[in-house]
Each structure stands twice: as C-alpha cells, then as structure tokens.
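**Student:** Quick one: sequence and predicted model below, then my questions.
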Amino acid sequence: MKRVLVVFGTRPEAIKMCPLVKELKGRPDEFETVVCVTGQHRSMLDQVLEAFSVEPDRDLDIMRAQQDLFDITSDVLLGFREVMTEVEPDVVLVHGDTTTSFAAALAAFYLHVRIGHVEAGLRTYNLQSPWPEEFNRQVVDTISDYLFAPTETARRNLIAEGKDSAKISVTGNTGIDALRTTVRDGYRHEIIDWAAGSRLILITAHRRENLGEPMRAMFRAIRRVMEEHPDTKAVYPIHMNPQVREAAHAELDGFERLRLIEPMGVLDFHNLMARSHLILTDSGGIQEEAPSLGVPVLVMRDTTERPEGVEAGTLKLVGTAEEDIYREFAHLLDDDDAYQAMAHASNPYGDGHASERIVACLVD
Ligand code: UD1
Ligand code: UDP
C-alpha cells in the first residue's frame, strides 16, 4: 500500500487534480490517498472542490487579500512541512506551475520525499513570461522523481534538458479528463438564453505580468471591437484578484452587451465554453480545453507553453498590445474563412484518460 499525498491550491490545479484524486481513491487496496489544499485561492478553489465532491483532508487556508509571492511561498513551505511530517507520504503529487506547487515540491525535496509532477515539461523558456510560472515549473521538474508529461512536445522538452527518460511518462492532460465529465448536451444556463441569436464571446484574464495598463489595453481593444459588431454579446467572469477587477470595471462597465460576472462554477463555465463563438483569454487551462471543444481562442499573451493548440489551428497568439488584439479580434468576426479554419475540434492534449495512466505509473 502506497501513501500518496496530493497537494493543490488554486482553481486550475483543482480542476486538473480532482480527476486524479478520484482515480486514486477508487483504488483503496493499492493507495491511501491524502488530499491537502493550501487555500492559495479560497472561493475559486472551493467552487471546484464542491463541483467534483472532493473533501480535503488538510487545509492550510493561507489566502490573504493582498498576498504576494513571499506570503504564498513561505506559508505553503512551512505549512506543508507540518502536513508531511504528520502524514509521512511515500510520494507527493503536485500540479503545474503555481507557487503552491513550487513551495510544496520544495518542502518535499527538503524532506527527501519522492515527488510526482503532473503536467511536467511545459516551457516557454522565458522566465518573465509567464511570471513566475516558468520558474516554478522548471524547478519542480528538476526535483521531481516522476515526470507526467501531458504531450510528446513536453516530453521532448524534458529530454532536451537532460532529464532521465525513465522518469518521464506521456499521459495526456488531466484537464481533458475533467472536461469529459462536465460538458453535456442540452445544458441550460441563463447566459446561454441571454446570448441566443448573438455570437457569444467569452473572456478571461488574470496573468500577473499583464496586471495594470497591459490589461486595461486588452479590455479597451475588446470593447472597441464589440461596439463595432452589434451581433455579439460577451460574458466575462472576472477573476477574484482585486487588481483584475479594478481594470475590468474601469474599462468595461456600462456596456450592456458585455456582462461582467463573478467566477463561474466549472460545470457552467465548461458548458458555456462549448457554446461560445470565440474565446479571448490569457489563461493556461482554457488553451487546453478549447481545442477539444472546437472553439477558437485568441490568446492575449506574448508567449505560450501550449504550442500544440497553435499547431492544431485552434489557438492564435495575439500578444497584449491594444491594436494587435483589436485587429485580430475584428478579423475573426469579419472573415468567416479565417474563423472556420480555426473552428474545428482536435485533441492534442489527450483522450481524457490521463489520470488512469498516472495511477498506472505509480503502481509500477
Ligand atoms: C494564481 C497562480 C497562477 C494561476 C492562477 C489561476 C501563482 C503565482 N499564480 O494566480 O499561476 O494561473 O492562480 O487563477 O501561483 N482571490 C480571491 N479569492 C480567490 C482567489 C483569489 O479573493 O478564490 C484574490 C486574492 O485577493 C488574491 C488574488 O486574488 O490575493 C490573487 O491570487 P493569487 O493566487 O495570489 O494569484 P493568481 O493571479 O490567482
Ligand atoms: N474556469 C472556471 N470558471 C471561470 C473561469 C475559468 O471554472 O469563471 C476554469 C477553466 O475552464 C479552466 C480553469 O478554470 O479549467 C482555468 O483557470 P485560470 O484561467 O484561473 O488559470 P490558468 O489555467 O491560467 O492557470
């Protein structure tokens, strides 16, 4: 029997780790599974735990309103040391590139506990973009014993860096496992009814490197295009970060075809994505989900660690400058050939069975 300690703290980690928790808990003869959340996010994390009916065994509950990277790193490092000392796991599983993942993996490394990194090998090789995530994931890969790469490209990155191939398994992305359970035919939502007859645009934005003026410029571009296209309606579930909310309200308030709403539960959000005409985002997870739904995405970032979706044709990197976003967004609304070329479903991130493969590696 192996004791596995799964740790996560933010919305996207929770969405991608809950399927794995379920898979582990479904095999009680082989694994004792302990779930620790750091609470780096609070309400946005709790929304996901509730949607997937996962109850954490430990909760560090670290979130503060104006937390910075020092707060998160030190609170997780010290809190997770205590949890690990108590639980004495055989392996700790962390996900992706958040500061929760970095600090929890560092704590495991300091205590000589084996680490499994889910979503290993994603890279931009630009430490400033996304910041600080590119640093976090490189460090976690350096100290991990199991590298669960979602794609062949991620595996190649790890091999090129000299990582031991015996540690690497290509599993697919557990986010697609989650999506398999959330999107349903005939899903009803008040926003879907509100947008009926219009092209529905879905917006999200939260990256730290875009906070302030770059984010306001993104919003100005979106508003200008929407004003020129009366057959569009947009919904933007705003991230809880007060700096994001301030920028969004400053640029987007008072425009009735664009609704600013609270973060959506993952079931509603995935089903809304599936019914959107187009998504504008700087999110990581959405870049993985949209290709399998066949919904075009304009990625409002200068770099992406998810080139597979760009190669598949569903994602387009448009940068963060106002004029670039304005031009590309308007183009996709005006040119149906360009739109149709992006609007096809492909599945570069796996078949929805990544969790099973990860668990099989842990059994071996
Ligand atoms: C974090 C991750 C980022 C990930 C993102 C997903 C780091 C450094 N960043 O960024 O990689 O893409 O989560 O969303 O790990 N807040 C709330 N309630 C919540 C969540 C957030 O009020 O449920 C507010 C708090 O004021 C908090 C702020 O949002 O201080 C920022 O949250 P934080 O986790 O520090 O950074 P994110 O930008 O969310
Ligand atoms: N998401 C959600 N509700 C929302 C916005 C996003 O459930 O209102 C989901 C989305 O489907 C994806 C994940 O949250 O699975 C992405 O989270 P986020 O953009 O915060 O983080 P990132 O992926 O950029 O790290």
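**Tutor:** Arrived safely. Numbering: from 1, shown residues only. Ligands and ions are numbered 1, 2, ... in the order given.

**Student:** drop to CA atoms for contacts and neighbour counts, all remaining ones
**Tutor:** Fine.

**Student:** What does the pLDDT read for residue 94?
**Tutor:** If you check residue 94, the pLDDT there is 99.

**Student:** again with residue 364
**Tutor:** pLDDT at residue 364 comes out at 80.

**Student:** Then residue 66?
**Tutor:** At residue 66, pLDDT is 89.

**Student:** May I have the secondary structure class of it?
**Tutor:** coil (DSSP: H, G, I helix; E, B strand; the rest coil).

**Student:** wait, does stretch 253-266 contact ligand 2?
**Tutor:** Yes: using Cα under 6 Å from any ligand atom, we find that stretch 253-266 touches ligand 2 at 263, 264, 265, 266.

**Student:** List the buried residues in the longest helix along the chain.
**Tutor:** If you go by DSSP state H, the chain has its longest helix at helix 69-87. By neighbour count on 16 or more other Cα atoms under 10 Å, the buried set for helix 69-87 is 72, 73, 75, 76, 77, 79, 80, 81, 83, 84.

**Student:** Could you single out the nearest of these to residue 234?
**Tutor:** The closest of the buried residues of helix 69-87 to residue 234 turns out to be residue 72 (Cα to Cα; 33.2 Å).

**Student:** So residue 250, which state does it fall into?
**Tutor:** Strictly by three-state DSSP, residue 250 counts as helix.

**Student:** which phi and psi does the residue lying closest to residue 247 once chain neighbours are set aside have?
**Tutor:** Sequence neighbours aside, residue 216 is the residue nearest to residue 247 in space, at 5.6 Å (criterion: Cα to Cα, 6 or more residues apart in numbering). Note on residue 216: its backbone torsions stand at phi -60, psi -40 [degrees, to the nearest 10].

**Student:** if we can go back for a sec, tabulate the buried residues of helix 69-87 (CSV), appending pLDDT and distance to residue 171.
**Tutor:** Conversion of the buried residues of helix 69-87 to CSV gives the following (pLDDT from 0 to 100; distance: Cα to Cα, whole Å):
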residue, pLDDT, distance to residue 171
72, 98, 29
73, 98, 28
75, 98, 31
76, 98, 27
77, 98, 28
79, 98, 30
80, 98, 27
81, 98, 29
83, 98, 28
84, 98, 26
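
**Student:** export those residues to a markdown table and tack on distance to ligand 1?
**Tutor:** As requested, the buried residues of helix 69-87 are arranged in a markdown table below (distance: Cα to the nearest ligand atom, whole Å):
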| residue | distance to ligand 1 |
| --- | --- |
| 72 | 7 |
| 73 | 9 |
| 75 | 12 |
| 76 | 11 |
| 77 | 13 |
| 79 | 16 |
| 80 | 15 |
| 81 | 18 |
| 83 | 20 |
| 84 | 20 |
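
**Student:** Nearest to ligand 2 among the residues you listed?
**Tutor:** Set against ligand 2, the nearest of the buried residues of helix 69-87 by Cα to the nearest ligand atom is residue 72 (15.7 Å).

**Student:** For the spatially most central residue of the chain, list the residues it contacts.
**Tutor:** Residue closest to the average C-alpha location in the chain (Cα atoms, centre = their mean): residue 285, at 3.0 Å. If you count contacts by Cα atoms under 8 Å, 6 or more residues apart in numbering, residue 285 has them with 12, 175.

**Student:** Against residue 333, how distant is it?
**Tutor:** 24 Å (Cα to Cα, to the nearest Å).

**Student:** same thing with residue 166?
**Tutor:** Taking Cα to Cα, one finds residue 166 at 47 Å from residue 333.

**Student:** The two: which has the busier surroundings?
**Tutor:** Per other Cα atoms under 10 Å, whichever of residue 166 and residue 333 has more neighbours is residue 333, with 18 against 9.

**Student:** With adjacent residues omitted, what lies nearest to that one?
**Tutor:** Once flanking residues are discounted, residue 333 sits nearest to residue 339: 7.3 Å by Cα to Cα, 6+ apart.

**Student:** Need the pLDDT of the residue of the stretch 201-350 of the chain at minimum distance from ligand 1.
**Tutor:** The nearest approach of the stretch 201-350 of the chain to ligand 1 comes at residue 241, 3.2 Å away (Cα to the nearest ligand atom). For residue 241, the model assigns a pLDDT of 97.

**Student:** Please apply the same query to residue 39.
**Tutor:** pLDDT, residue 39: 98.

**Student:** mind listing what it touches?
**Tutor:** Residue 39 touches 9, 10, 45, 59, 60, 61, 62, 63, counting by Cα under 8 Å, 6+ apart.

**Student:** May I have the phi/psi pair for it?
**Tutor:** phi 70, psi 30.

**Student:** mind checking the SS state of the closest residue to it other than its chain neighbours?
**Tutor:** The shortest distance from residue 39 to any non-neighbouring residue, by Cα to Cα, 6+ apart, is to residue 61 (4.4 Å). Put simply, residue 61 is coil when judged by three-state DSSP.

**Student:** i'd like the first residue to be 34 from this point on
**Tutor:** Got it, first residue is 34 now, which makes that one residue 94.

**Student:** how about residue 94, what does it touch?
**Tutor:** 70, 71, 72, 73, 75.

**Student:** And the strands in the stretch 34-183 of the chain?
**Tutor:** Secondary structure of the stretch 34-183 of the chain by DSSP state E, counting those that start in this stretch: the strands cover 35-41, 64-70, 91-92, 124-128, 147-151, 179-182.

**Student:** So the residue nearest to residue 366 is in contact with residue 363, correct?
**Tutor:** No: using Cα atoms under 8 Å, residue 372 is not in contact with residue 363, being 10.8 Å away.
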